[in-house]
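S.K.: Just need the structure, nothing else, for what follows:
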Amino acid sequence: MKKIINKLIPGLVLFLLACGGDNEQKQPIDPQAVIDLATEVIGIGKVLPKEGIIELSGLQSGVVERVAVKEGDTVLNGALMVQLNVKAEQLSVAETYAQLATQRAKIETSRLDLKSAEIRLNELNGIYQVSKNLNAAGAETQEVVNADYTALRQQEQEVAKAKQQLRIDNQLEMELNQKIKLAELSVADREIRSPRDGIVMSLDLREGQIMQPNQVFGEFASLGEQIIECEVDELYADKIKQGNSVLIYPIGSNKSVASGTVSTVSAALQNKSILYERVGDGMDRRVRKLTITILRSDKELLLNDKVECKILL
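M.R.: Alright, predicted model coming up:
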């Protein structure tokens, strides 16, 4: 931030000298007075998507079979980015589908068995009713009635067993369907797809590499509205207000390429992150972070571009 102070002080020094030229003794310059008289502050910012940078990772471990994108690619929502090996999972899905087909055939057999048992039950019930009526009329022995009643009760048990078997078979079918869904989800989890329309900012992955669950292998930026995250030296932190107008310049240029307004201002000072990129640089001073909404742009601003932000106080 020395550059910022160096920009402001010379002009103010000349101003103070001109105003006090008639005094025989020159008063020392008060740095706080320089800060108080500032009408603009220069901050360093970085162009970012409004929705932020997304870290790319997968849910499953496995061998990378295919990398379908590269750094800088623009991809649509849901587009395949990385494919892990899925042979074992696909085999599991195929085997479970075969088991499901067998189970469905078994269910059909159980339904036929139940239907036959119910038909037989109706027949035995009719026989029992006839023998019972004949016995009441004295035309049939009690032994026959008892035998018909026993046969009826036994068939009722056969119907109950057939119903129970059908319930078991149906439950097994449901379990196999659930197993297939889980296996298909496992296959889908091995396909890493674009979370939305956006740009692949970075990618550190190659075919044949073993990837671990939740391993970050790249960064992704959503397409759409851009913002600028800016940092202002702590000397001027209390002068920045929400709504301040901002002129935006490429680093090293004196021609404004965009303008905007301060939309958010952090509540606390933090260590520098944008101004300095090397460990230990500028750690003696802190910054106030703010977000700038871009209102006008005369040229395309590239994501991660560093810019100078002239904040008008």
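S.K.: Phi and psi next, for residue 30.
M.R.: Taking degrees, to the nearest 10, you get phi -90, psi 110 for the backbone angles of residue 30.
S.K.: ditto for residue 227
M.R.: phi -130, psi 180.
S.K.: so who does residue 172 touch?
M.R.: Going by CB atoms under 8 Å, 6 or more residues apart in numbering, residue 172 touches residue 103. All C-beta atoms are positioned from the backbone trio N, CA, C, and that covers glycine.
S.K.: Can you tell me the SS state at it?
M.R.: The three-state label given to residue 172 by DSSP: H, G, I helix; E, B strand; the rest coil is helix.
S.K.: ok, now residue 48?
M.R.: Strictly by three-state DSSP, residue 48 counts as strand.
S.K.: Can you report how many residues lie near it?
M.R.: Neighbourhood size, residue 48 [other CB atoms under 10 Å]: 18.
S.K.: OK, contacts around it?
M.R.: Taking CB under 8 Å, 6+ apart, we find residue 48 in contact with 221, 226, 227, 228, 229, 303, 304.
S.K.: Excluding its own residues, what touches stretch 70-84? List them.
M.R.: By CB under 8 Å, 6+ apart, stretch 70-84 touches 56, 58, 60, 62-69, 190-203, 205, 211, 217-218, 223.
S.K.: what about residue 39, neighbour count?
M.R.: 8.
S.K.: Assumed residue 155 was part of a helix.
M.R.: Yes - assessed by three-state DSSP, residue 155 belongs to a helix.
S.K.: how close does it get to residue 124?
M.R.: According to CB to CB, to the nearest Å, residue 155 and residue 124 sit 5 Å apart.
S.K.: now do residue 105
M.R.: 29 Å.
S.K.: Who has more neighbours out of the two?
M.R.: Using other CB under 10 Å, the more surrounded residue of residue 105 and residue 124 is residue 124, with 20 against 11.
S.K.: OK, contacts around the more buried one?
M.R.: Counted by CB under 8 Å, 6+ apart, residue 124 has contacts 148, 151, 152, 155.
S.K.: Which members of those occur in helices, if any?
M.R.: Counting by DSSP state H, the part of those found in helices is 148, 151, 152, 155.
S.K.: What is the most widely separated pair among those?
M.R.: Using CB to CB, the ones in helices among the contacts of residue 124 span at most 10.7 Å, a distance reached by 148 and 155.
S.K.: Excluding chain neighbours, give the residue nearest to residue 203 in space.
M.R.: residue 218 (4.1 Å; CB to CB, 6 or more residues apart in numbering).
S.K.: Just the strands from the chain, written as ranges.
M.R.: 40-49, 53-56, 62-67, 74-75, 80-84, 191-193, 198-203, 210-211, 218-222, 226-233, 245-250, 258-271, 286-297, 306-312 (DSSP state E).
S.K.: can you redo these as JSON lines with mean pLDDT and distance to residue 133?
M.R.: Formatted as JSON lines, the strands of the chain follow (pLDDT from 0 to 100; distance: least, CB to CB, whole Å):
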{"stretch": "strand 40-49", "mean pLDDT": "91", "distance to residue 133": "88"}
{"stretch": "strand 53-56", "mean pLDDT": "90", "distance to residue 133": "81"}
{"stretch": "strand 62-67", "mean pLDDT": "93", "distance to residue 133": "74"}
{"stretch": "strand 74-75", "mean pLDDT": "93", "distance to residue 133": "82"}
{"stretch": "strand 80-84", "mean pLDDT": "94", "distance to residue 133": "74"}
{"stretch": "strand 191-193", "mean pLDDT": "92", "distance to residue 133": "71"}
{"stretch": "strand 198-203", "mean pLDDT": "92", "distance to residue 133": "83"}
{"stretch": "strand 210-211", "mean pLDDT": "92", "distance to residue 133": "79"}
{"stretch": "strand 218-222", "mean pLDDT": "91", "distance to residue 133": "83"}
{"stretch": "strand 226-233", "mean pLDDT": "92", "distance to residue 133": "92"}
{"stretch": "strand 245-250", "mean pLDDT": "94", "distance to residue 133": "102"}
{"stretch": "strand 258-271", "mean pLDDT": "90", "distance to residue 133": "92"}
{"stretch": "strand 286-297", "mean pLDDT": "92", "distance to residue 133": "93"}
{"stretch": "strand 306-312", "mean pLDDT": "94", "distance to residue 133": "102"}
